[in-house]
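**Student:** After the sequence you'll find the predicted model.
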Amino acid sequence: MVKEWIAEHTDRIELFLLPGNNLKLNTDELVNQDVKTNAVGKQRPLNVDQLEDTVEDYLLKRKNDPEQVKKYFHGKRVRHAA
């Protein structure tokens, strides 16, 4: 049904097929791994509120560091996302 709908609406939608959840191919997975390793893994939040604060603070720091964000796209296999 989905393929049929897409075929009927090519004037309204364009599909971009992304790699699966493979750390080497998907920049979202690179960010996720960075957060798990360098934010959550180092501070070990004790509850959900601390976890949210820790992740939010970490991602805000990353957002404000364009050079670090660019590093997520340096790998040859993720340049498609740049």
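**Tutor:** Structure received.

**Student:** residue ranges with poor pLDDT in this protein?
**Tutor:** Scanning the chain for pLDDT under 70 picks out the ranges 18-25, 75-82.

**Student:** Which strand or helix spans the spatially most central residue of the chain?
**Tutor:** With distances taken as Cα atoms, centre = their mean, Asp28 lies nearest the centre of the chain, 1.9 Å away. Secondary-structure assignment from DSSP states H and E places Asp28 in helix 27-35.

**Student:** Go through that helix and flag the buried ones.
**Tutor:** Thr27, Glu29, Leu30, Asp34, Val35 (16 or more other Cβ atoms under 10 Å). Any C-beta I mention is one placed from the backbone N, CA and C, and that applies to glycine too.

**Student:** got the contact list for the helix or strand following that helix?
**Tutor:** Downstream of helix 27-35, the next assigned helix or strand under DSSP H and E is helix 41-43. Around helix 41-43, the neighbours that count as contacts under Cβ atoms under 8 Å, 6 or more residues apart in numbering are Gln50, Thr54.

**Student:** Check which element follows helix 41-43 along the chain.
**Tutor:** helix 48-63.

**Student:** roughly how far is that following helix from the heart of the chain?
**Tutor:** Here the centre of helix 48-63 is set off from its chain's centre by 15 Å, with Cα atoms, centre = their mean, to the nearest Å.
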